[in-house]
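1. build the 3D model from these lines:
(2 chains)
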Amino acid sequence: MAFAAFSTTAPTAQEAAPKRKSVIALVLLLPGILYLVLFFLVPLVSLVITSFESQVDVGIYAYAFNWQNYTDSIAEYWPQIIRSFVYAIIATVCALLISYPLAYFIGVKVRRWPLLQNLMVTLVIAPFFISFLLRTLAWKQLLSDDSWITSTLKGLSILPPDAHLTGTAFSVIFGLTYNFIPFMTLPLYTTLERLDTRYIEAGSDLYASAWTTFRKVTIPLSMPGIVSGTLLTFIPAAGDYINASQDFLGGADTSMIGNVIESNFLVLQNYPTAAAMSIVLMVVILGIVGFYIKRSGTEDLL
Amino acid sequence: MSGIGATRFRFKGLGLAAYSVLALAFLLIPIVYTFIFSFNDALKNNIAWRGFTLRNWTNVCSAQGICEAFGASLIIGVISTVVATALGTAIAIALVRYRFRGRTPINMLLFLPMATPEVVLGAGLASQFLSLGVNKGFVTIMIAHVMFCISFVVVTVKARVSSLDPALEEAGRDLYGSPSAVFWRVTFPLLLPGILAAALLSFSLSFDDFIITNFNAGAVTTFPMFIYIAASRGIPAQANVVASAVFLLAILIVLITQISSAARQKRLARVQ
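-> As a prediction, this is how the structure comes out:
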């Protein structure tokens, strides 16, 4: 499964690899690696170059070493930058809290019934099989002002009568959380499914309370799943521009860094600003990811 | 454990079960919504429920541009999947089976596309196409899709190659099989489930991608692009039909694979 991508438990292939003619290895590696260099690495470099360009004419830019693109765009878009990371962090925490009990139930409690376990995993990944955009639009309708959800909440006085759910920070974070729950649940499930329950029994045999056992045994043992799940949720959530878009769940003051990049590149044709914001996003994400991996003690991830 | 403790334990298990059912139901709400509204007798904008009809299912292509968009997504998905699966499988075999220098930078190059936000991947490629003066269209979309699928193929197939018993290939060589015969008659059939899983994953990533495609599509409209463009002026109910049909087909494929692999495991268990 691809969700093992961020997992730390995969055996390193290096020790197992027998010595053989490296010519064959080269033939196998070269096309794919060359492809990634040409269409992943070179574009990143091109993005860095674009981010320093200055404008010559409307929509036309020439190479320069224009640091101001960075300072100007950060000065203009700092609310969107902060918002992206705040929204992404809240959505990641919510997704973790929602997913962990579900993944624990499927991975540990349902172990005795493999068919039921498979069925539940299929239901977790079911949202992948229906268009991401339509799923988000469905929530837009379900949370709209005249929907039964909103009117029930208003009827119960949980919401004031003139409140809106769509177009707010709430609906954007809600959408981000919903859309990335499967990305959180699957890696959690893969580690919890292999969890040796005898460790938990040992915890209770040694008179630890259920909570202490959970905190000191279950959580540390499922750390690889927690790390890969939070990264698989946080990275796409921070760069997302669908949920925050005004045609979907967002409003006038919910736009995120992805919306800034999209509108500057595709609408305003202000390529240097879009490129500078992309580099800012990438650097901050790599910084957070690096710090996080270091803190959670799973440095062999790379 | 005392009787009271046992009851409490069972009760807590029930609470977790109830929670899990609710959480799964929550995940399925938008899918059910999309499916139900594919039967809506909607006019231009499929928002308010106006009554049941089968018309959307029988006249899918009557919504302008929808079948062209679906066809474009299908062609792009198939071609990108074939290319990405071939390139990624070769890398996965090399990584597990061969020793070579430069393994760390190669692993890094494979990991980074998965750790880069899609909007950055999309803007990067688009700025490269811009500086090279390339016209965006089918080819640029496929270049982008192959790029983000390769790493996922490598990860999926690598797991399968690692779990392969080298003794099987040795047996092939001991029986005087030529290297190509050993590969095509022993290694490849054993890798096939992993390769198929990777291909399915690639296809679903490509078929549903909007964020990267939006930057590199030019005048081509894929199915997600169609929905995005329609979102501001009203989605036709036929979009729900297409999405629901794709969903049902995908779920069917997954269930068939699961049932057949469960049956195989049962057979194997009986043999042993």
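
2. for chain B, what's the nearest residue on chain A?
-> Chain A approaches chain B most closely through A:Gly239 (2.6 Å), counting by C-beta to the nearest C-beta. In this view, the C-beta of every residue, glycine as well, is placed from N, C-alpha and C.

3. what sits against that residue?
-> A:Ser84, A:Ile257, A:Gly258, A:Leu281, A:Ile285, B:Pro117, B:Glu118, B:Val119, B:Val120, B:Ile211 (C-beta atoms under 8 Å, 6 or more residues apart in numbering or on different chains).

4. now do the same for it: its pLDDT.
-> A:Gly239 is assigned a predicted lDDT (pLDDT) of 93.

5. pLDDT weak spots in the chain?
-> Reading this off chain A. A:1-21, A:59, A:297-302 (pLDDT under 70).

6. I was thinking of chain B, sorry if that wasn't clear
-> Where chain B drops to pLDDT under 70, the residues are B:1-12, B:272.

7. what about the helices in it?
-> Assigned by DSSP state H, chain B shows helices spanning B:3-36, B:55-58, B:66-97, B:103-115, B:118-132, B:138-162, B:166-174, B:179-182, B:188-208, B:211-216, B:223-231, B:237-271.

8. what's the local residue count around the residue in the stretch 101-250 of chain B positioned nearest to chain A?
-> When scored by C-beta to the nearest C-beta, the stretch 101-250 of chain B has B:Pro117 as its residue closest to chain A, at 2.6 Å. Per other C-beta atoms under 10 Å in any protein chain shown, the neighbour tally for B:Pro117 reads 26.

9. quick one: distance of the longest helix along chain A to the chain centre.
-> Longest helix in chain A by number of residues (criterion: DSSP H): helix A:68-104. Computed by C-alpha atoms, centre = their mean, to the nearest Å, the chain-centroid distance of helix A:68-104 equals 9 Å.

10. okay, the angle between it and helix B:3-36?
-> 130 degrees (axes from the mean of the first three to the mean of the last three C-alpha atoms, to 10 degrees).

11. residue numbers of the stretch 51-200 of chain A in contact with chain B?
-> Taking C-beta under 8 Å from any C-beta of the partner chain as the contact definition, the stretch 51-200 of chain A meets chain B at A:98-99, A:101-102, A:104-106, A:109, A:114-115, A:118, A:120, A:122-139, A:141-142, A:178, A:181-182.

12. re earlier: leaving out the residues flanking it, which one is nearest to the residue of the stretch 101-250 of chain B closest to chain A?
-> Counting by C-beta to C-beta, 6 or more residues apart in numbering or on different chains, A:Gly239 is the residue found nearest to B:Pro117 once chain neighbours are left out, at 2.6 Å.

13. same deal with A:Asp240?
-> Nearest residue to A:Asp240, sequence neighbours excluded (C-beta to C-beta, 6+ apart): A:Gly258, at 5.4 Å.

14. burial count for the one you found?
-> Applying other C-beta under 10 Å, I find that A:Gly258 has 30 neighbouring residues.

15. helix or strand: which one has it?
-> Following DSSP states H and E, one finds A:Gly258 within helix A:257-262.

16. give me the buried positions along the helix or strand that comes right after that helix.
-> The helix or strand immediately downstream of helix A:257-262 is helix A:271-295, counting by DSSP H and E. Applying a neighbour-count criterion of 16 or more other C-beta atoms under 10 Å in any protein chain shown, one finds A:271-282, A:285, A:288-289, A:293 buried in helix A:271-295.

17. hang on, the earlier thing: residue contacts, the residue nearest to A:Asp240?
-> A:Ser84, A:Gly239, A:Asp240, A:Tyr241, A:Ala244, A:Leu281, B:Pro117, B:Val119, B:Ile211.

18. B:His145 versus B:Ile211, what's the distance?
-> Separation of B:Ile211 from B:His145 (C-beta to C-beta, to the nearest Å): 12 Å.

19. who has more neighbours, those two?
-> Taking other C-beta under 10 Å, B:Ile211 and B:His145 do not tie; B:His145 has more neighbours (27 against 23).

20. how far away is that one from B:Thr221?
-> From B:His145 to B:Thr221 the distance is 15 Å (C-beta to C-beta).

21. what do you get for A:Arg135?
-> Distance, A:Arg135 to B:Thr221, using C-beta to C-beta: 20 Å.

22. how about B:Ser232?
-> 14 Å.

23. the more surrounded of the two?
-> Between B:Ser232 and B:Thr221, B:Thr221 has the larger neighbour count (other C-beta under 10 Å), namely 20 against 10.

24. the more buried one touches B:Cys67, doesn't it?
-> No. Counting by C-beta atoms under 8 Å, B:Cys67 is not a contact partner of B:Thr221; they are 11.2 Å apart.

25. find the residues that touch each one of the two.
-> Contact with both B:Thr221 and B:Cys67 is made by no residue, according to C-beta under 8 Å, 6+ apart.

26. hmm, back to that, counting by contacts, list what the longest helix of chain A packs against.
-> If contacts are counted by 3 or more C-beta pairs under 8 Å, 6 or more residues apart in numbering or on different chains; DSSP states H and E, helix A:68-104 sits against helix A:169-193, helix A:223-239, helix A:257-262, helix A:271-295, helix B:3-36.

27. next, the angle from that helix to helix A:271-295.
-> With the same axes, to 10 degrees as the basis, helix A:68-104 and helix A:271-295 are set at 40 degrees to each other.

28. now do helix A:68-104 and helix A:169-193, the angle between them.
-> With the same axes, to 10 degrees defining the directions, helix A:68-104 sits at 50 degrees from helix A:169-193.
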